[in-house]
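Student: this one's structure only:
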């Protein structure tokens, strides 16, 4: 299984597959694919709310299980990085933890204010030609570019 995808899936394969998944989901269920929507549905299930879309709960669980398997179970055999290795090499743990915590809080706040997450707006909202999603996607892409440039300068290119 580990040799099945030893490197990143090329964009020209993954992109069309993801596009077909998004379009197929709209055709079959008339629902967008997004992580924050899955979070809201999972939260609703845990709170005992009615009208929970169960497949979104499984999608949310799968995000965590997939991440755990990739970073903990298959990591040694495949050489996968956990995602924070480069950050840990540039900053001590006492700086890395607040950075990651602060970033996750800002991400959650931004998703709540924007009415969805980056994947929901960037892939599904723009596919629906939503002006709000186009503005949101442009904003988070510009912010990501500026942040990446700033980290590059602050770390001397270590990240």
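Tutor: Looks like it came in fine. The shown structure was predicted, so the numbers you read here are calculated from the model rather than taken from an experiment.

Student: going by C-alpha atoms from here, please, whenever you check contacts or count neighbours.
Tutor: Fine.

Student: walk me through the domains of the chain.
Tutor: 1-82, 84-159 (automatic domain parsing).

Student: centre of the chain to the shortest one, how far?
Tutor: In terms of CA atoms, centre = their mean, to the nearest Å, the centre of domain 84-159 is found 10 Å from the chain centre.

Student: then the longest one?
Tutor: Domain 1-82 has its C-alpha centroid displaced from the chain centroid by 9 Å (CA atoms, centre = their mean).

Student: and it, what's its mean pLDDT?
Tutor: Rounded to a whole number, the mean pLDDT of domain 1-82 is 80.

Student: could you point out the helix or strand that follows the helix or strand where residue 86 lies?
Tutor: Remark: residue 86 resides in helix 85-90, with elements defined by DSSP states H and E. Where DSSP H and E defines the elements, the next helix or strand beyond helix 85-90 is helix 93-114.

Student: who touches that next one?
Tutor: 36, 87-88, 117-118, 136 (CA atoms under 8 Å, 6 or more residues apart in numbering).

Student: Three-state assignment for the most centrally placed residue in the chain, please.
Tutor: By CA atoms, centre = their mean, the chain has its centre lying nearest to residue 119, at 6.3 Å. Recorded secondary structure, residue 119: helix (DSSP: H, G, I helix; E, B strand; the rest coil).

Student: quick check: ChimeraX command selecting the buried ones in the contacts of helix 93-114.
Tutor: The buried subset of the contacts of helix 93-114, as determined by 16 or more other CA atoms under 10 Å, is captured in ChimeraX by this line:
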select :36,87,117,118,136
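
Student: okay if I get the contacts of helix 93-114 as CSV plus distance to residue 51?
Tutor: Formatted as CSV, the contacts of helix 93-114 follow (distance: CA to CA, whole Å):
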residue, distance to residue 51
36, 17
87, 41
88, 42
117, 21
118, 24
136, 28
